[in-house]
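Enquirer: Here is my input; please provide its structure:
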Amino acid sequence: MKLIHIVAVIAIAVGIGILVSASNDMATYSNFQDAFDNPGQKFKVVGTLSKDKEMHYDEQENPNYFTFFMKDNEGEEHKVILRQPKPQDFERSEQIVLTGKVDSEEFIATDMLMKCPSKYKDEEIQMKKAAQGSL
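Expert: Numbers count the residues shown, from 1 in each chain. Got it, this is the predicted structure:
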C-alpha cells in the first residue's frame, strides 16, 4: 500500500470515530418520566418554568448552584438543580431545555438552553395592526 492510501484509511477511521462519539450526544428530547425511570442516564428534558414555585440562587454562598421547579411538556413538575449561575432574564423564558440526569428525587442539570421572548415580537404585532388598519 502506498502512503497516501494509509493516510486515507486513517482519516476515514478518525472521521467515523468522531461521528460515533457525536451521535451519543444527539439525544432526542424527553420528559421527566423517562428521566426518573432511568436514574443516572443522561436526558434532555423540555419544559417551562413553574413561576409559582420558589427559586433559590445565592451568588455569595455558591455561584454555581441554582434551584427551581420546571414542568415538562407532559405536565409533570420536578425540582431542578442547575450547576451553573442563574441565567439573565431566566424568569422571562418561554421554554427550557435541560441536559442532565436524575439523582434521588431531583433532576441535576449540567446544561440549559432557554427560548426567550423575541425582542421583535412587539414590533411584529404593531406592524400587523398597521397592515390591518390600512385595509
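
Enquirer: Please compute how far stretch 29-43 lies from its chain's middle.
Expert: On the basis of Cα atoms, centre = their mean, to the nearest Å, stretch 29-43 sits 13 Å off its chain's mean C-alpha point.

Enquirer: which residue ends up closest to the midpoint of the chain in space?
Expert: For the chain, the residue nearest the mean C-alpha position is residue 97 (2.6 Å; Cα atoms, centre = their mean).

Enquirer: Check the gap between that one and residue 1 for me.
Expert: Going from residue 97 to residue 1 by Cβ to Cβ, to the nearest Å gives 47 Å. Using the backbone N, CA and C atoms, a C-beta is placed for each residue, glycine as well.

Enquirer: Now do the helices in the chain.
Expert: Taking DSSP state H as the criterion, the chain carries its helices at 3-25, 32-37, 121-133.

Enquirer: Pick out the shakiest of the ones you listed, pLDDT-wise.
Expert: Sorting the helices of the chain by mean pLDDT places helix 121-133 lowest, at a mean of 65.

Enquirer: Contact partners for the residue nearest to residue 67 when sequence neighbours are not counted?
Expert: Spatial nearest neighbour of residue 67, excluding adjacent residues (Cβ to Cβ, 6 or more residues apart in numbering): residue 56 at 4.6 Å. By Cβ atoms under 8 Å, 6 or more residues apart in numbering, residue 56 lies in contact with 66-68.

Enquirer: Rebuild those as TSV, extending it with pLDDT.
Expert: Shown next, in TSV, are the contacts of residue 56 (pLDDT from 0 to 100):
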residue	pLDDT
66	93
67	94
68	94
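
Enquirer: Derive a ChimeraX selection command for the buried subset of those.
Expert: Remark: buried members of these, expressed as a ChimeraX selection using 16 or more other Cβ atoms under 10 Å:
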select :66,67,68
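
Enquirer: What about the contacts of residue 56, which are in strands?
Expert: Assigned to strands by DSSP state E, the following of these qualify: 66-68.
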